[in-house]
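Undergrad: predicted coordinates and the sequence they were generated for:
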Amino acid sequence: MTYIGRFAPSPSGPLHFGSLIAAFGSYFQAKSQQGQWLVRIEDLDPPREMPGASSLILNTLESYGLHWDGSVIYQSQRHQRYQEQIDSWLASGLAYYCQCTRKQIKQGGGFYLGTCRHKSQLTPEGCSVRLHVKQAIEQFTDQKHGVITIPHQLAQEDFIIKRRDGLFAYNLAVVLDDIDQGVTEVVRGADLIEPTGRQINLYRYLNQPEVSYIHLPLALDEHGNKLSKQNHAPAVDTHCAKETLIKVMLFLGFTLPDDFQSASIEQMIEWGCQHWSLQQLPNSLASSTL
Ligand code: GLU
């Protein structure tokens, strides 16, 4: 089976150091196995997006020497596919409308307890759509970190596949896209460990073979906070790509040769593909970038 990996940024802002780690980690893992590396723009949530961020992200990847296979997929073009799947689950009773607000769920202890599961009179207006979780996924195997346990209450919660505001939920879109694109392994940041159980649930409901997972350590800033768009992580500079790439490679656990600085960016990436191994990755799920 050919390896197919991917990098799936959300265009809520330009690429920052943390997203570059996910880009290069997934790239090295794919290319060290002569696999394909796809790029998908996860533009599911317009209010959180920054105009122009998609092309900024793609240009930044190219200036860092990262070239994707095939054409870029945009989630905003795939609403019909998502809705058809939701309709089919609604029809078969695996999904249902839910009118509970976030506030109500919080007041009830923070986890959704299936309140609307049998309220057959509910309609799409003002409702989210939830998947009826019959078998909770409480653990999964990560190729780097081994067995990872998901908190019980989270694992068994009927989760949202379409939001009350009409937007499609990340878990649904990511799984349908990975299946349709033939992705065999997901390499991404450790901040996405928790939703993995829900995503595995979706593979089972869809009768599809599960992918394998690798979660990369999260990059932390000097205060110990995750580098993220919400925390205003700075955009990576495209003028000093080599210096930044060296930092990314050190973060990913490479021991670089002394004369590495004199190599071109293409040579650095080629060297990285040849020397990449999962053992070199730090064992922790978060690391400082300093
Ligand atoms: N779009 C997600 C993000 O930017 C990543 C999704 C994934 O890799 O599964 O955080």
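TA: Happy to help now that I have it.
Undergrad: stretch 200-218 close to the ligand?
TA: No: using Cβ under 6 Å from any ligand atom, we find that stretch 200-218 stays clear of the ligand, coming within 9.5 Å at best. The C-beta positions use only the backbone N, C-alpha and C, and glycine is treated the same way.
Undergrad: residue ranges of the strands in the stretch 1-150 of the chain, please?
TA: Using DSSP state E, counting those that start in this stretch, the strands assigned to the stretch 1-150 of the chain run over residues 4-7, 36-41, 73-74, 95-98, 128-131, 139-142, 146-149.
Undergrad: what about the residue of the stretch 151-290 of the chain found nearest the ligand, helix or strand, and which?
TA: The ligand sits closest to Arg188 of the stretch 151-290 of the chain, with a gap of 3.6 Å, by Cβ to the nearest ligand atom. Element membership for Arg188, per DSSP states H and E: strand 185-189.
Undergrad: how about the residues of the stretch 1-150 of the chain by the ligand?
TA: Counting by Cβ under 6 Å from any ligand atom, the stretch 1-150 of the chain comes close to the ligand at 8-10, 42.
Undergrad: switch these over to TSV; also include pLDDT.
TA: Formatted as TSV, those follow (pLDDT from 0 to 100):
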residue	pLDDT
Ala8	98
Pro9	97
Ser10	96
Glu42	98
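Undergrad: pick out the most distant pair among the residues you listed.
TA: Taking every pair in these and measuring Cβ to Cβ, the maximum separation is 7.8 Å, between Ala8 and Ser10.
Undergrad: intersection of neighbour lists for those two?
TA: The contact sets of Ala8 and Ser10 overlap at 41-42 (Cβ atoms under 8 Å, 6 or more residues apart in numbering).
Undergrad: settle it for me: which of the two has more neighbours?
TA: Using other Cβ atoms under 10 Å, the more surrounded residue of Ala8 and Ser10 is Ala8, with 24 against 19.
Undergrad: mind listing what the more buried one touches?
TA: Residues near Ala8 by Cβ under 8 Å, 6+ apart: 39-42, 174, 177, 188.
Undergrad: with respect to Asp69, which of these is nearest?
TA: Taking Cβ to Cβ as the measure, Asp69 lies nearest Val39 of those, at 8.7 Å.
Undergrad: low-confidence stretches in the chain?
TA: By pLDDT under 70, the low-scoring segments of the chain are 287-290.
Undergrad: go with 90
TA: 1, 108-110, 120, 219-240, 283-290 (pLDDT under 90).
Undergrad: write out the residues of the stretch 151-290 of the chain neighbouring the ligand.
TA: Going by Cβ under 6 Å from any ligand atom, the residues of the stretch 151-290 of the chain near the ligand are 174, 188, 192.
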